[in-house]
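Engineer: Sharing a model prediction with you, sequence too.
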Amino acid sequence: MRMRLFSLLVTLFCCFPAYPALAREDYGVIYSGQKDDRVFNSMVVSAVSSFEEQHEVNFRHRVIVAQEDSADAIRAFVERGITTLVLVGFIHEKAVRELAPRYPHARFTIIDGDVTGPNVRSIRFREQEAGFLAGMAAAFASRSGRVAFIGAVATPPVRRFGCGFVQGVREARPVTVMARYMTTDLDGFRDRRLARSVAEDMLADGADVLFPAAGLASRDALLAAAQAGKFGIGVDSDQEEVAPGHIVTTAVKRIDVAVTAALQDLYGGTWKAGNFEIGVTEGGVDWVRPGADRFITPAQISAIETAKSRISTGRLTILAQEPACKQVGVTP
């Protein structure tokens, strides 16, 4: 799967002007929230660490906690001569949009962002496709007929996860979907206490499968479900280890593969600008099948795999916004 995605990304970027190879100290990565969140950012850390070891180069790392800190972090790097930057999270959109034209000699790769420019590569994911597959699994696994989506904050990627989840549940069988966003503050992705509180409320309302898309805080929502004897859906990277025996599946988002492909291009001098979106077809999102048979039948697993195949071949389109999602409060 990794090679498939890597090859596709390389092919897609053939139409943009290339840049020369990098100096050994020319790399910087800026995270938002918490660097080792064991979900989203941790996949970037893993990709960067492997790349450093493979090519004997060094990255400068910086972590910001608020959107307004992004511009300062970028300026600090560029003014120190670090002109090849990986920005992790949509939180950097505003700063990149403002600063990329001011630093035409710099190269910006933004994950989960949507910025257009001759020196910007924007990589987004069709999270709704992973959410859809996970939603089918949640509906099949539910015994109470009530499942819940918990978003930390209504960011575009989280909304896409949630809307796909709603559509997947509806595809599988008639099950009630509850949805709630924890807060409007980006600190929600780290607010473990709030995640547990919201999860407990959802469980008290009858949900027996929870899908928290809440970064680091997702773990506490999953633990709350497990401790109540209920089940969870992981997010981004396989979260079976959070609550063994209670994770139906994970809505996988291969951030590590996308970052590795971009870094290989940067190192090789073949990096190109552009706006790209990757999903099931490209191997960018998926669901975790191993272990699902503890919760759902072989026929149900087959139904999910059939849906995945239909998405991959373009016979099934999962929308980022859909009326049913608005009805349960997942999208505006």
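Structural biologist: Sure, I can see it.

Engineer: Show me the strands in the stretch 1-150 of the chain, by range?
Structural biologist: For the stretch 1-150 of the chain, the strands defined by DSSP state E, counting those that start in this stretch occupy 27-32, 59-64, 84-88, 107-111, 120-125, 146-151.

Engineer: Quick check: buried residues in stretch 304-312?
Structural biologist: By neighbour count on 16 or more other C-beta atoms under 10 Å, the buried set for stretch 304-312 is Ile304, Ala307, Lys308, Ile311. (Each C-beta comes from the backbone N, C-alpha and C, glycine too.)

Engineer: what residues are up against the third one?
Structural biologist: Taking C-beta atoms under 8 Å, 6 or more residues apart in numbering, we find Lys308 in contact with Leu133, Val280, Asp286, Trp287.

Engineer: coming back round to it: now the strands of the stretch 1-150 of the chain in JSON lines, with mean pLDDT, distance to Ser237 and mean neighbour count?
Structural biologist: Formatted as JSON lines, these follow (pLDDT from 0 to 100; distance: least, C-beta to C-beta, whole Å; neighbours: other C-beta atoms under 10 Å):
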{"stretch": "strand 27-32", "mean pLDDT": "94", "distance to Ser237": "15", "mean neighbour count": "25"}
{"stretch": "strand 59-64", "mean pLDDT": "94", "distance to Ser237": "19", "mean neighbour count": "17"}
{"stretch": "strand 84-88", "mean pLDDT": "95", "distance to Ser237": "14", "mean neighbour count": "26"}
{"stretch": "strand 107-111", "mean pLDDT": "96", "distance to Ser237": "14", "mean neighbour count": "26"}
{"stretch": "strand 120-125", "mean pLDDT": "97", "distance to Ser237": "13", "mean neighbour count": "23"}
{"stretch": "strand 146-151", "mean pLDDT": "98", "distance to Ser237": "18", "mean neighbour count": "28"}
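
Engineer: Leu266: which of those strands is closest?
Structural biologist: Closest to Leu266 of these, according to C-beta to C-beta: strand 84-88, at 5.7 Å.

Engineer: what comes into contact with that closest one?
Structural biologist: 22, 26-32, 40-41, 44, 48, 70, 74, 77-78, 95-96, 106-113, 259, 262-263, 266.

Engineer: so Ser50 makes contact with Thr260?
Structural biologist: Yes - between Ser50 and Thr260 there is a contact under C-beta atoms under 8 Å: 7.3 Å.

Engineer: list the residues that contact both of the two?
Structural biologist: Counting by C-beta under 8 Å, 6+ apart, Ser50 and Thr260 have no shared contacts at all.

Engineer: hmm, back to that, mind giving me JSON lines with the strands of the stretch 1-150 of the chain and columns for distance to Pro174?
Structural biologist: Shown next, in JSON lines, are those (distance: least, C-beta to C-beta, whole Å):
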{"stretch": "strand 27-32", "distance to Pro174": "38"}
{"stretch": "strand 59-64", "distance to Pro174": "44"}
{"stretch": "strand 84-88", "distance to Pro174": "39"}
{"stretch": "strand 107-111", "distance to Pro174": "36"}
{"stretch": "strand 120-125", "distance to Pro174": "29"}
{"stretch": "strand 146-151", "distance to Pro174": "11"}
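
Engineer: secondary structure class for Ala251?
Structural biologist: Under DSSP: H, G, I helix; E, B strand; the rest coil, the three-state class of Ala251 is strand.

Engineer: shift numbering so it begins at 59
Structural biologist: Renumbered: residue one is now 59, and that last one reads Ala309.

Engineer: Which strand residues bridge it?
Structural biologist: Note on Ala309: beta-bridge partners Val293, Trp345, judged by DSSP bridges.

Engineer: ok, it to Asp294 distance?
Structural biologist: The gap separating Ala309 from Asp294 is 8 Å, by C-beta to C-beta, to the nearest Å.

Engineer: can you tell me the average pLDDT over stretch 293-308?
Structural biologist: Averaging pLDDT along stretch 293-308 gives 96.

Engineer: How far does that stretch sit from its chain's centre?
Structural biologist: Chain-centre distance of stretch 293-308: 15 Å, with C-alpha atoms, centre = their mean, to the nearest Å.

Engineer: Low-confidence regions, the chain specifically.
Structural biologist: By pLDDT under 70, the weakly predicted segments of the chain are 59-83.

Engineer: follow-up on the earlier one: turn the contacts of Lys366 into a markdown table, including distance to Val205 and neighbour count.
Structural biologist: Shown next, in a markdown table, are those (distance: C-beta to C-beta, whole Å; neighbours: other C-beta atoms under 10 Å):
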| residue | distance to Val205 | neighbour count |
| --- | --- | --- |
| Leu191 | 14 | 29 |
| Val338 | 21 | 23 |
| Asp344 | 20 | 20 |
| Trp345 | 15 | 28 |
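
Engineer: Redo those residues as CSV? Include distance to Arg182.
Structural biologist: Putting these into CSV (distance: C-beta to C-beta, whole Å) gives the following:
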residue, distance to Arg182
Leu191, 18
Val338, 14
Asp344, 16
Trp345, 19
